[in-house]
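Colleague: Sequence first, predicted model second:
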Amino acid sequence: MSYHQKIKSKIINYSQLDNLIANWKKANERIVFTNGCFDIIHQGHIDYLSKAKDLGSKLIIGVNTDRSVSAIKGKHRPIQDEYSRLTILAAMEFVDAVILFDEDTPINLISRIIPDILVKGSDYKAENIVGYDVVTGNGGKVETLDFLEGFSTSNIEKRIIGAN
């Protein structure tokens with residue numbers, strides 16, 4: 001399979017998701033799930049996502065649609081469209097699958113996947129993370145990871161705007 005095909009194969013839809021998750025669970029893979037906007041990929045994202053993958057054997061990322069990014073971050077975002085964001089994440093060696101979600105939270109996606117490990121940044125308390133009850137109620141764990149100091153899309157955006 002070419003690199004191009006490999007990247008494209010990691011961008012999945014909901015009908016592909018069910019099959020993929022069933023196969024991974026049958027093979028006793030340890031599924032890690034995280035989610036976010038991932039608008040401008042930076043060193044902080046790489047650090048966070050690679051550490052998330054280290055917690056299991058398969059990493060799936062729920063990515064906010066353009067509409068939901070705008071609702072969360074404001075009308076000036078996203079900077080990159082959803083397909084670009086999916087493709088960049090799918091190109092990462094340690095990412096196994098990426099999928100869009102359009103709801104305010106990823107609870108429906110988490111309920112469908114029932115990951116072994118749900119990961120978010122340490123700016124959240126584990127018990128306050130959306131999906132905590134679903135994951136822990138099914139024997140999984142919720143982990144928080146520290147962000148790499150000084151790296152955020154919002155800071156990059158401010159530096160770009162300030163350079164004008």
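Modeller: On my side now, so go ahead. Numbering: from 1, shown residues only.
Colleague: ok, for P78, nearest residue in space, not its chain neighbours?
Modeller: Spatial nearest neighbour of P78, excluding adjacent residues (CB to CB, 6 or more residues apart in numbering): V69 at 4.2 Å. C-betas here are computed from N, CA, C, even on glycine.
Colleague: where does that neighbour land in three-state SS?
Modeller: helix (DSSP: H, G, I helix; E, B strand; the rest coil).
Colleague: That one contacts I40, doesn't it?
Modeller: No - the pair V69 and I40 does not pass the contact test of CB atoms under 8 Å, sitting 11.5 Å apart.
Colleague: Which one of the two is surrounded by more residues?
Modeller: Set side by side, V69 and I40 show more neighbours around V69, with 22 against 18, by other CB atoms under 10 Å.
Colleague: Okay, and H4 sits in which element?
Modeller: When elements are defined using DSSP states H and E, H4 is found to belong to helix 3-10.
Colleague: List the buried residues for the helix or strand just after that helix?
Modeller: Helices and strands here follow DSSP H and E; after helix 3-10, the next one along the chain is helix 14-26. Of the residues in helix 14-26, those scored as buried under the neighbour-count criterion (16 or more other CB atoms under 10 Å) are 17, 20-21, 24.
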